[in-house]
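> give me coordinates for this.
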Amino acid sequence: MSTPYTALRGAIRALDRVTPLVAAAATYPLFSRVGRRRRVHPREHATDLQARRRFVSVGRRHVIVYEWGSGPRAVLLVHGWQGRSSQFAALVRELRFAGFRVIAFDAPAMGDSPGRRTHVGEFHAVIDELARREPGGLHAIVAHSAGVMPAVAAASESRVTDRIVAIAPIVRFRYLNEAFAQRVGLGERARLWHEAWVTARMRRVGINIYARYDLLARELPRELRITVVHDREDRLAAIDESRRLAARHPRQVALVETAGFGHSRILESDTALDTALEVVEQSDAVVQRDDQNAQSLEPSGKL
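Numbering: from 1, shown residues only. You can find the predicted model right below:
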């Protein structure tokens, strides 16, 4: 499969064999940039135009926030890297029909939000801020791709919701680094230079990015339930990562596998839409009962 980096791979591999540090320095700007903004697809236009729009300030950043429907039950949608809220158009229509109020945002430097740079920590900050503005809290979060990491971190640290639907998730930040290195032809030493530079840059803003956004390593709150929908033919986010997450947290993470949709089209698949609706419409009593059942299975420590 051809990628934007196919033409560079041979040259980068040759450079990496001679001097990994220079190869890392030459490719780091590609790894750290946001990239081209995604446009609204024609089939998303109608839903996109129906949204109520407002700008919300989060720290020094301003993001555009979209809202559809009305009522007290708010579902937040979180897109992935280089994504935008309109990708959820099919799900927005389903959730509105089911009586939910739907909130979404374009992350800084993506979609219609201003800016040239961002990082996953700013996704996290926006999620926290939008949850804080909801008097009744967030009923649920549906997140896609890299948007899953900050969604789960916010649910774990700030308890913004107890239910998440994760579609085609990337579950650890280091995976992005590993996948990029493989695509452009970097060896392990050059990849580690990238990792060190990102770590240092993020620590300057108070974020340990590789620890905070590693869902395979962190513990989850007892009440949090995550339902993952992942396609076996996803070429951007390996399904084995989701399988590892489900194995790591078998009582809290459920995995639904699909075939034939890839990384982005899965957002419009019947399986993803039906699963998201099932999770979101599940009553609080059922969620609480599931949590109580999970607690009853915990070892008591008594003989």
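> now residue 228, what are its backbone angles?
Phi and psi for residue 228, reported as degrees, to the nearest 10, are phi -100, psi 130.
> any idea how far it is from residue 262?
Residue 228 sits 16 Å away from residue 262, going by Cβ to Cβ, to the nearest Å. (Each C-beta comes from the backbone N, C-alpha and C, glycine too.)
> out of those two, which sits in the busier spot?
residue 228 (24 against 17; other Cβ atoms under 10 Å).
> what about the more buried one, distance to residue 22?
Going from residue 228 to residue 22 by Cβ to Cβ gives 39 Å.
> kindly report the same for residue 68.
49 Å.
> looking at the two, which is more packed in?
Neighbours per residue, other Cβ under 10 Å: of residue 68 and residue 22, the larger number sits with residue 68, 20 against 13.
> quick check: closest non-adjacent residue to that one.
Once flanking residues are discounted, residue 68 sits nearest to residue 102: 4.5 Å by Cβ to Cβ, 6 or more residues apart in numbering.
> A helix includes that neighbour, no?
No - assessed by DSSP: H, G, I helix; E, B strand; the rest coil, residue 102 does not belong to a helix; its assignment is strand.
> that one touches residue 90, doesn't it?
No - taking contacts as Cβ atoms under 8 Å, residue 102 lies outside contact range of residue 90: 11.8 Å.
> the more surrounded of those two?
Per other Cβ under 10 Å, whichever of residue 102 and residue 90 has more neighbours is residue 102, with 26 against 18.
> so what's residue 32 up against?
For residue 32, the contact set (Cβ atoms under 8 Å, 6 or more residues apart in numbering) comprises 198, 201.
> cool, and the one 3 residues further on?
Under the criterion of Cβ under 8 Å, 6+ apart, the contact list for residue 35 reads residue 82.
> so it is in which element?
Assigned by DSSP states H and E, residue 35 falls within no helix or strand.
> tell me how far it lies from residue 104.
For residue 35, the distance to residue 104 equals 20 Å [Cβ to Cβ].
> so where's the stretch 1-150 of the chain shaky on pLDDT?
1-7 (pLDDT under 70).
> hey, where'd the strands end up in it?
52-58, 61-68, 74-78, 101-105, 140-144 (DSSP state E, counting those that start in this stretch).
> the third one vs strand 140-144, what angle?
In this case it means strand 74-78. Interaxial angle of strand 74-78 relative to strand 140-144 (axes from the mean of the first three to the mean of the last three Cα atoms, to 10 degrees): 20 degrees.
> which elements pack onto strand 74-78?
When contacts are defined as 3 or more Cβ pairs under 8 Å, 6 or more residues apart in numbering; DSSP states H and E, strand 74-78 packs onto helix 89-97, strand 101-105, helix 120-132, strand 140-144, helix 148-157.
> which of the ones you listed sits most buried?
With neighbours taken as mean count of other Cβ atoms under 10 Å, the helices and strands packed on strand 74-78 reach their highest mean count in strand 140-144, at a mean of 29.
> could you dump that strand to PDB, C-alpha only?
The C-alpha trace of strand 140-144 is given here as PDB (Å, rounded to 0.1, in the frame of the first residue of the first chain):
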ATOM      1  CA  ALA A 140     -21.200   9.200  27.300                       C
ATOM      2  CA  ILE A 141     -18.200   9.900  25.000                       C
ATOM      3  CA  VAL A 142     -17.800   8.400  21.500                       C
ATOM      4  CA  ALA A 143     -14.200   8.800  20.300                       C
ATOM      5  CA  HIS A 144     -12.300   7.900  17.200                       C
END
